[in-house]
Structures are given as structure tokens and as C-alpha cells.
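>>> Provided below are the primary sequence and the corresponding predicted coordinates.
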Amino acid sequence: MIEHRIGASRHSAVVHTVAKVVARPVLRYYPLCGPAARLMPLVDRTAALLPRLSATVHRPVQGRTWRGELVTPIDGPTSDGAIVYFHGGAFLLCGMGTHRRIVERLAERTGMTVLAVDYRQLPKGRLDDSVSDCEDAYRWLLRQGHPPHKVVLAGDSAGGHLAFATALRIRDDGQPQPAGVVGLSPWLDFDHMAKVRHHNSRRDAYIPARRLRRVGRMVVGDHPELHHSPVNADLAGMPPSLIICAEGEVLRVDAELMADRLAEAGVPCTLQIWEGQVHAFPVLTELTPESRLALEEIVTFVEAATSGAIGTSTDSTRSASGAASTGTAVA
């Protein structure tokens, strides 16, 4: 079944324009190394100063090589489910501060405990370090009493990569699998050529496609190999997945490829493609109506996955979810 979210609100149009005028040039030209690169942590530190959502409470967590923040509804969890959230930022920037609001909203809307993970990223760690931290955070949550079939891994962009890579690492290590995986505009393939050739490389309001090659080499080395990208893994036995991306973003390429390969592996997967949005738009939470609707889609999936309502049959759904302003589906 294919569904389309057609059109975009005025709020989304403004966000799209600002991203194209401000964010894309910065991401295209900002130095990735040298003195200026040391200022990248200021993005997260500045965001961390914003007011926290009064409907949630926060508790700091200290892992072996990672930090985290446990976020719960102010009156306590109303569900025994839990979410582990991995922030995006191209493995270079952002953190719990920049992504605190989506974590808070997930805790508020699901009634669940949400663990936000501040994993090692460049320059402190590379891809394997990031995945190791994320797997350790998942295991830490299980030790707190959350059963694996009640836990969902989620993340956006680089964090979406980590959500899938962590689920694969957990499976390969013989650990109990989580209930589901949510990827928001996930970066899942370090081979940048298909993205550069795609017409969205010129349409994307946010990500300069050609720069992905250099960032990828910083993350995994000068010669990325197939095993570095979750889309190339043996995906059999993976948990059900929800993937959300924007119709005009370059990482739509990765989202569609992963959805196809999950379907081939017999893994239930729902792919939603939203028109008129920017990369990782659900992270914007209250800024646009579409972000709020996408958040509800995530909540619905998490609740279904943790209740066992999503089967493990070979039926997979590849959907581009429809009518952003109304939420109606178009077959």
C-alpha cells in the first residue's frame, strides 16, 4: 500500500525557505576540521539553555563511555514501554540539548520512559564507538527492568543510522531484540553516489549531497566498506520498522532503499514520504502541523510495536503517507 501526504502548510513553507537560505549554505561551507570545527559543540550547549517541557521530568544518566538523560512524564510513566532515542547531527554535532523537545514530546505522548543517548561522535569517537555506546545504552535500559519486547529504538539522520545499526549489533551479539525501530530521515548508506545522482541532490533544502562523502570518510575512514552501511546488512530477523522522510530530501534515497531491502528480508516496514518538508522534520515538534502529525505517527507505531500488535509476517508496507494538512490517506 502506498499513501501520500500531499501539500504542506505555510509554517512548513517558511521552514523550508529558512533551511534553504540559512542552513544549507552553512552545512555546505562550514569547516569540518580546524579551529572553527571546535565551535560545533556550542550548537548543543546553546540549545540546552532553552526551557524544558514542564510536563516531563529529567534524570541524568552516566554510562561507561556515554551520557544520557532519562525523560518521563511528570506524574510518572503510564506505560511499561520505553524508547531509546539517538540524536542526529551527521556524527559531528548536536546532542541531547538540540533534540530534547522531541524526546520530551515522545515521553509525554506515549506515557513511556525515554532514554536520550549522548553517544561518542567526532572527534571523540568514530562509527564503531557510536554504535557501541548505543548498544550499551540499550543494555543499561534493560537492566533497569524494561523488557526488550517493550523497547523501541529511534533516531533521526545519523541517529536513524544508529537505531538500525544498534538493532543489527544486538541481533548479531545474540541479545534480545527490541520491539521496533524508528528512523527519521535516516542516513543508512555511506556510498554517496546514488544520492549525488538523484534529482533531490538539487532540491534538498538542507543537506548538500556532495558533502556526505567527506563526512562519511571522517566517520568510517577513507574507504567506506559495505558493512559500514545498514542497508547492506543481512536484515532477516530485524524488528518491525517505521521510516519517515521528506519527499524532496536527498536521504529519501536511503529510506527507500532500506524499505525495499527490509521487505525483501520479510521484515514489516512502513515507509512514509511527506511532501513539502525538510530533512528530519518530526524533530521540529511544535513548529509545523506536519511535525505534530508525524509525531503522532511515531507514537502510534511505538504503541503498536510494544503491545505486540505488529506482526512478524513477510507483509511489509511501503507507504508515502497522505494529505499532510488533513491526515487523510489516498490509496
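Looks like it arrived, so ask away.
>>> now do the most centrally placed residue in the chain against Pro176, distance only.
In the chain, the centroid-proximal residue (C-alpha atoms, centre = their mean) is Asp156; its distance is 1.9 Å. Distance from Asp156 to Pro176, counting by C-beta to C-beta, to the nearest Å: 25 Å. For glycine as for every other residue, the C-beta is placed from the backbone atoms N, C-alpha and C.
>>> again with Arg197
40 Å.
>>> these two: who's more crowded?
Counted by other C-beta atoms under 10 Å, Arg197 and Pro176 do not tie: Pro176 has more neighbours, with 13 against 10.
>>> please name the nearest non-neighbouring residue to the more buried one.
Pro148 (3.7 Å; C-beta to C-beta, 6 or more residues apart in numbering).
>>> now Tyr206
If the residues on either side of it in the chain are set aside, Tyr206 comes closest to His279, at 4.2 Å by C-beta to C-beta, 6+ apart.
>>> count of residues packed around that neighbour?
Neighbours of His279 using other C-beta under 10 Å come to 26.
>>> right, and it touches Ala158 too?
No. Using C-beta atoms under 8 Å, His279 is not in contact with Ala158; the gap is 11.4 Å.
>>> isn't His136 up against Arg64?
One correction, residue 136 is Asp, not His. Yes. The criterion here is C-beta under 8 Å, and Asp136 meets it with Arg64 at 6.2 Å.
>>> which of these two has more neighbours?
Per other C-beta under 10 Å, whichever of Asp136 and Arg64 has more neighbours is Asp136, with 17 against 9.
>>> so what's that one closest to, chain neighbours aside?
With C-beta to C-beta, 6+ apart as the criterion, Asp136 has its nearest non-adjacent residue at 5.7 Å, and that residue is Gly63.
>>> tell me the contacts of the one you found?
For Gly63, the contact set (C-beta atoms under 8 Å, 6 or more residues apart in numbering) comprises 133, 136-137, 140.
>>> all helices for this structure, in order.
With DSSP state H as the definition, the chain shows helices at residue ranges 10-18, 24-29, 41-47, 100-110, 127-143, 158-172, 193-197, 200-203, 211-220, 252-264, 289-306.
>>> the residue lying closest to Asp118 once chain neighbours are set aside and Arg120, how far apart?
For Asp118, ignoring the flanking residues on the chain, the nearest one in space by C-beta to C-beta, 6+ apart is Arg67 at 4.3 Å. To Arg120, Arg67 is 10 Å away according to C-beta to C-beta.
>>> who's more crowded, those two?
Neighbour count, other C-beta under 10 Å: between Arg67 and Arg120, Arg120 has more, with 20 against 17.
>>> number of residues surrounding the residue lying closest to that one once chain neighbours are set aside?
Counting by C-beta to C-beta, 6+ apart, the nearest residue to Arg120 once its immediate chain neighbours are dropped is Asp129, at 4.4 Å. For Asp129, the neighbour count with other C-beta under 10 Å is 17.
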